[in-house]
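> 3D, please:
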Amino acid sequence: MALSCDQIKKWSRRGDPIHAWYSYEMVQGSLTQGKLEGTWSVYPQGSYANKTNIAADSDVDLVVALTSSFYPNKKELSPIEREEYDKYYERAERTWRDFRDAVTRILRQNFWVVEGSKAVKVRSGPIRLPADVLIALEHRHYKSFLSFEGQIFVDGVQFYRSGDHKIVNFPKQHREACAAKERRTAENYRNVVRVAKNARNALIADDGSQVGPGTAPSYFLESLLWNVPDLYFSHGPCSAYPQAIRWLDANQRELWKMEFPNGRGRLFGNTSDASWSQSSAKQIIGGLYGQL
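Predicted coordinates:
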């Protein structure tokens, strides 16, 4: 049965953001009271940060990033620039594992904590929504280091999955790129993402569908739709959503060209973010197209 305009409008609504704010305040307050050492920051990422959360979203994604120590990527620096860098910075003694252990230890004093392969899940009575807390060190991708005052870098986060698989991500750049897309599309991009997430959930719940729970994680679905040209997000969600899905269906051969919103590589390229396959993307595109 084809999606009605009423259903599309219903699916385009944003989930409640208040609980996410409350979870953020509780986690940050716990770390402050626990006197977590170093200079660090807490900020949201994922669907709540990007305002693409739906009613079915439960976990709030938070980043706890240590900024007084960082991992540098100096591959683009010349030998002279590396010498200049070495005048001001030396290898930090505090590692990601040290910082993760310190954060987890403090959170355990106030909440129920379960450590996962990438994040720690925090839950407690006062926290209305569970939070997935990604513990990371700042990552700096250097573009230039002619002087300390003139150093140019892109700031991201670095952490390790299962303790040894390095992952570098750029959540701030992702959020900024999605916000810019929202402005360029007359505030239709986020509506379309929310509809797609609800439609994906409907496919997962359908026993006759081949779309499973791991076929299209929200981060990748959001990134996939970011690659749809702006002109297809026009005239409100009832028009924009089917236009965007039809464009994806018609351009499946172009998937290899698509990029992450954060500007750090191709969606299906050789980057630390790329744990999604073209076959999974085609599967979700086919499923969403079949619902129209």
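> Could you export stretch 55-65 as PDB, CA atoms only?
Taking C-alpha atoms only, stretch 55-65 is exported to PDB below (Å, rounded to 0.1, in the frame of the first residue of the first chain):
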ATOM      1  CA  ALA A  55       9.700   8.800  18.700                       C
ATOM      2  CA  ALA A  56      11.200   5.300  18.400                       C
ATOM      3  CA  ASP A  57      14.700   6.500  19.200                       C
ATOM      4  CA  SER A  58      15.600   5.600  22.700                       C
ATOM      5  CA  ASP A  59      19.300   6.000  23.400                       C
ATOM      6  CA  VAL A  60      20.900   9.500  23.500                       C
ATOM      7  CA  ASP A  61      24.400   9.600  22.000                       C
ATOM      8  CA  LEU A  62      26.900  11.700  23.900                       C
ATOM      9  CA  VAL A  63      30.600  12.300  23.400                       C
ATOM     10  CA  VAL A  64      33.000  12.800  26.300                       C
ATOM     11  CA  ALA A  65      36.100  14.100  24.700                       C
END
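> tell me the average confidence for it?
In this model, stretch 55-65 carries a mean pLDDT of 84.
> contacts for that stretch?
13, 15-16, 19-20, 23-24, 27, 31, 40-49, 103, 119, 121, 129-138, 157, 171, 197-198, 201, 218 (Cβ atoms under 8 Å, 6 or more residues apart in numbering). Glycine gets a C-beta too; all of them are placed from N, C-alpha and C.
> Pull the number of nearby residues for Asp61.
By other Cβ atoms under 10 Å, the residues close to Asp61 number 23.
> Look at it and tell me its secondary structure.
The local conformation at Asp61, judged by DSSP: H, G, I helix; E, B strand; the rest coil, is strand.
> Does Lys172 touch Asp155 like I think?
Yes - using Cβ atoms under 8 Å, Lys172 is in contact with Asp155, at 7.0 Å.
> Tell me which of these two has more neighbours.
Lys172 (18 against 14).
> element containing that one, please.
In this assignment (DSSP states H and E), Lys172 forms part of helix 171-184.
> on contacts alone, who are the packing partners of that helix?
strand 40-45, helix 46-50, strand 152-161, helix 189-205, helix 218-226 (3 or more Cβ pairs under 8 Å, 6 or more residues apart in numbering; DSSP states H and E).
> how far away is Glu76 from Ile8?
Applying Cβ to Cβ, to the nearest Å, the value for Glu76 to Ile8 is 44 Å.
> And the two? Which one has more around it.
Neighbour count, other Cβ under 10 Å: between Glu76 and Ile8, Ile8 has more, with 23 against 13.
> buried stuff in the one helix or strand that one maps to?
Using DSSP H and E, Ile8 maps to helix 5-11. Neighbour counts over helix 5-11 (16 or more other Cβ atoms under 10 Å) mark 7-8, 11 as buried.
> What sits closest to the most centrally placed residue in the chain if chain neighbours are left out?
In the chain, the centroid-proximal residue (Cα atoms, centre = their mean) is Gly46; its distance is 4.2 Å. Leaving aside its sequence neighbours, Gly46 sits nearest to Asp61 (Cβ to Cβ, 6 or more residues apart in numbering; 3.4 Å).
> contacting residues for the residue in the chain sticking out farthest from the centre?
In the chain, the residue that sits farthest from the middle, by Cα atoms, centre = their mean, is Ile80; the gap is 35.0 Å. Counting by Cβ under 8 Å, 6+ apart, Ile80 makes contact with nothing.
> Tell me the spacing between it and Asp86.
11 Å.
> Look up the pLDDT of the closest residue in space to Arg184 that isn't next to it in sequence for me, please.
Counting by Cβ to Cβ, 6+ apart, Asp230 is the residue found nearest to Arg184 once chain neighbours are left out, at 4.9 Å. pLDDT recorded at Asp230 is 97.
> right, and Asp230 touches Arg183 too?
No - when contacts are counted by Cβ under 8 Å, Asp230 is not listed as touching Arg183 (10.0 Å).
> ok, these two, which is more surrounded?
Asp230 (13 against 10).
> now the contacts of stretch 55-65: which count as buried?
Using 16+ other Cβ under 10 Å, the buried ones in these are 15, 19-20, 23-24, 27, 31, 40, 42, 44-49, 103, 119, 129-138, 157, 171, 197-198, 201, 218.
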